[in-house]
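*Asks:* Any chance you can model this:
(one chain, ligands or ions: 1)
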Amino acid sequence: MKIRTRYAPSPTGKMHVGNLRSALYEFLIAKHDGGDFMLRIEDTDQERFVEGATEIIYRTMAKTGLVHDEGPDKDGGYGPYVQSERMKTGIYMKYAKELIEKKEAYYCFCDKERLEALKSEVKDGEVITKYDKHCLSLSPEEIEKNLNEGKPFVIRQNIPEEGTTTFHDELYGDITVDNAELDDMILIKSDGYPTYNFANVIDDHTMNITHVVRGNEYLSSSPKYVRLYDAFGWSVPTYIHLPLITDENHKKLSKRSGHASFEDLEDQGFLTEAIINYVALLGWSPEDNNEIFSLDELIEKFDYRRISKSPAVFDIVKLRWMNGEYIKAMDDDKFFAMAEKYIDEAIKGKNLDKKKLSAMVKTRIEVFPDIPELIDFFAELPEYDTAMYEHKKMKTTKESSLALLKEILPVLEACNDYSNDNLYKLLVDFATAHEYKNGYVLWPVRTATSGKQMTPAGATEIMELLGKEESISRIKKGIELLEK
Ligand code: GLU
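*Replies:* As a prediction, this is how the structure comes out:
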């Protein structure tokens, strides 16, 4: 049997990391086995629909390389692929009526007031309404009359009050629940739209879906889905419910954590490949300890049996590290093309060799927005604390640095070749001649020319980029500050 998976997002906003993970795993399961991956838009909840959300889904999937074989824009013979369009074909109502005939569902005409009265608080302020099957006992005549009068109705699933229902999940195993715990959920709403719960089952079956991957918030509803499959006599797809994704504080990853969606991560400068690679590891791990995978490698390696049940922690530090690895592996020209705007931001129109700056930062950043802070001292010497001249290992103090800068100034003034190689030779020769350790010379020079504790380059590389005039002026400034 050919594997068919689907990503079935509800267009309700940005593409959450959890959604992206579901989409990715569905894609990988299908592609690992040469199967088909489908996109289905679940827009039956009109109240939650957000303008533009469908476009975000298309854009994100195209950008991440999760290319679907079938979907609203690619007919594969199972369309329509948008639930609101499927509804117009009458498909959901047809199947709901079939269930009514089988006594697996029934019309319910209860009004708001009556349903309100059935509400009860379970715990932590969570309110549930367990429907009391009031309308199950309506006679066919009463139903007929209500329908003829145009009385608003919903169609509910009829779940027996006794017995149990067992459902199988690939990760969680067999789960058995008492039917008494299950509510007679609504299948068709009063606006005629199916609920997510119903449409999902009908569509997964009629679209021949073999594997369903989704967040484990759906785990508790799954017994109800299984009852629907059984009622129709359909075979149940393989269910894979994914572990929760939490933030660093083990709280459910939410908008508040600031990196909950693909778009947030993009805005923070993460590379698409790194995001996908990282998201793949949120709950799944390969057999070996390797962590860097291209999408093609993921397709080859992915085995859903290796997904873990324990919550996956979204560790932004780890993602930053991973992004840095992708940046290091990038082709230099490609890197420059992406880095240039950040370099421009840092050097504020100063005439500096941008290619050299690019090479300097490439191995030192984790995300592109790290660039300006790393090199902005080239554009302008920052205010700095002279305590930075003190360095235990280099054996430098403020006094020794002042003396050294005064000694080196004429040497630098006399020099006309400000290439890194020449400057380096000059300073090292100077150190040797005075029996100084190299660091004893290089540290104060680097501090004076950068005004920074940490720099992406050594003293002579900095001076090469600054040029003679600016380098000398900064050394003089250092002397002035140390003399105070
Ligand atoms: N439309 C549901 C959602 O976006 C899909 C859940 C599922 O994959 O079954 O959460």
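*Asks:* all contacts plus neighbour counts: C-alpha atoms, from now on.
*Replies:* OK.
*Asks:* what helix or strand is the spatially closest residue to Asp353 that is not a sequence neighbour on?
*Replies:* Using C-alpha to C-alpha, 6 or more residues apart in numbering and skipping the chain neighbours, the partner closest in space to Asp353 is Leu465 (6.7 Å). Assessed by DSSP states H and E, Leu465 sits inside helix 459-466.
*Asks:* So which elements touch that helix?
*Replies:* Counting contacts by 3 or more C-alpha pairs under 8 Å, 6 or more residues apart in numbering; DSSP states H and E, helix 459-466 packs against helix 420-433, helix 438-450.
*Asks:* State the mean pLDDT of the helix or strand following that helix.
*Replies:* Scanning forward in sequence from helix 459-466 by DSSP H and E, the next helix or strand is helix 468-483. Mean pLDDT, helix 468-483: 98.
*Asks:* List the buried residues of helix 468-483.
*Replies:* For helix 468-483, the buried set under the neighbour-count rule, 16 or more other C-alpha atoms under 10 Å, comprises 468, 470-472, 474-476, 478-479, 482.
*Asks:* that older thread, so which of the helices and strands packed on helix 459-466 is the most packed in?
*Replies:* Mean neighbour count (mean count of other C-alpha atoms under 10 Å) peaks for helix 438-450 among the helices and strands packed on helix 459-466, with a mean of 23.
*Asks:* Ramachandran angles for the closest residue to the ligand within the stretch 251-400 of the chain?
*Replies:* In the stretch 251-400 of the chain, the residue that lies nearest the ligand is Ser261 (13.7 Å; C-alpha to the nearest ligand atom). Ser261 adopts backbone torsions of phi -120, psi 160, taken as degrees, to the nearest 10.
*Asks:* Please list the residues of this structure that sit near the ligand.
*Replies:* Contact residues (C-alpha under 6 Å from any ligand atom) of the chain with the ligand: 8-10, 42, 214.
*Asks:* how about low-confidence regions in the stretch 351-484 of the chain?
*Replies:* Of all residues in the stretch 351-484 of the chain, none has pLDDT under 70.
*Asks:* Pull the number of nearby residues for the nearest residue to Thr363 once chain neighbours are set aside.
*Replies:* Excluding the flanking residues, the one nearest Thr363 by C-alpha to C-alpha, 6+ apart is Lys328, at 5.4 Å. Neighbours of Lys328 under the rule other C-alpha atoms under 10 Å: 17.
*Asks:* Same question for Asn249.
*Replies:* 11.
*Asks:* Which helix or strand lies directly C-terminal to the helix or strand containing Phe37?
*Replies:* Using DSSP H and E, Phe37 sits in strand 36-39. Once the chain leaves strand 36-39, the next helix or strand it forms, by DSSP H and E, is helix 53-64.
*Asks:* Any chance you could list what contacts that following helix?
*Replies:* Applying C-alpha atoms under 8 Å, 6 or more residues apart in numbering, the contact partners of helix 53-64 are 11-15, 41, 67, 262, 272-273, 276.
*Asks:* What about those, which are in helices?
*Replies:* Assigned to helices by DSSP state H, the following of the contacts of helix 53-64 qualify: 262, 272-273, 276.
*Asks:* Which two of these have the greatest separation?
*Replies:* For the ones in helices among the contacts of helix 53-64, the farthest-apart pair by C-alpha to C-alpha is Phe262 and Glu273; their separation is 11.6 Å.
*Asks:* between the two, which one's more packed in?
*Replies:* Counted by other C-alpha under 10 Å, Phe262 and Glu273 do not tie: Phe262 has more neighbours, with 24 against 19.
*Asks:* And that one, what's its pLDDT?
*Replies:* For Phe262, the model assigns a pLDDT of 95.
*Asks:* Excluding chain neighbours, what is closest to Arg86?
*Replies:* Using C-alpha to C-alpha, 6+ apart and skipping the chain neighbours, the partner closest in space to Arg86 is Pro80 (5.6 Å).
*Asks:* State the number of residues packed around that neighbour.
*Replies:* 19.
*Asks:* doesn't it fall inside a helix?
*Replies:* No: Pro80 sits outside any helix when classified using DSSP: H, G, I helix; E, B strand; the rest coil, being coil.
*Asks:* That one contacts Met87, correct?
*Replies:* No: assessed by C-alpha atoms under 8 Å, Pro80 is found out of contact with Met87, at 9.3 Å.
*Asks:* Can you show me the CA trace of the strand holding Phe37 as PDB?
*Replies:* Only the C-alpha atoms of strand 36-39 are listed here, as PDB (Å, rounded to 0.1, in the frame of the first residue of the first chain):
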ATOM      1  CA  ASP A  36       2.500  11.000  -1.400                       C
ATOM      2  CA  PHE A  37       2.300  14.100   0.900                       C
ATOM      3  CA  MET A  38      -0.800  16.100   0.700                       C
ATOM      4  CA  LEU A  39      -1.900  19.600   1.900                       C
END
